[in-house]
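1. Dropping a prediction and its sequence here:
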Amino acid sequence: MKLALAFALLTGPAFGGDKLTIDFQNTSTQKVSIIGVYPEAIDDNLGSAFEIPPGETRTVDLSLTRCMRVEIGARFADGEEVWGRTDLCKNRTIILHD
């Protein structure tokens with residue numbers, strides 16, 4: 001089974017000086033074991049989530065106060081990993097699906 005990351009458009013107010021969050025919606029048929037958010041250089045983990053069951057959404061606090069492009073990696077219960085990029089200035093909802 002091939003899993004993928006989909007990116008939903010950001011709707012809502014512009015970002016201020018508060019810490020950013022990102023939402024992960026698991027619409028796949030299996031559990032997400034771990035998810036990580038990294039700057040494009042992948043030198044520091046900006047936020048993580050563990051154990052997101054199918055059908056659930058998890059909000060992750062990021063160690064950022066401004067939006068930027070990030071890399072996102074997710075590992076599913078069967079060991080499959082998927083990677084994607086998003087611009088937090090435009091998108092803060094990630095949908096994981098089959």
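-> Cool, got the structure.

2. which residues sit in contact with the nearest residue to residue 60 once chain neighbours are set aside?
-> Closest residue to residue 60 apart from its sequence neighbours, by Cβ to Cβ, 6 or more residues apart in numbering: residue 47 at 4.4 Å. Where you see a C-beta, it was placed from the backbone N, CA and C, and this is true even at glycine. Residues counted as contacts of residue 47 (Cβ atoms under 8 Å, 6 or more residues apart in numbering) are 22, 36, 37, 60, 61, 62, 63.

3. can you map out the strands along the protein?
-> Using DSSP state E, the strands of the chain run over 4-8, 21-26, 32-39, 47-52, 57-61, 69-76, 81-87, 93-97.

4. I'd like these as TSV, with mean pLDDT appended.
-> Below are the strands of the chain laid out as TSV (pLDDT from 0 to 100):
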stretch	mean pLDDT
strand 4-8	57
strand 21-26	96
strand 32-39	93
strand 47-52	90
strand 57-61	95
strand 69-76	94
strand 81-87	94
strand 93-97	93
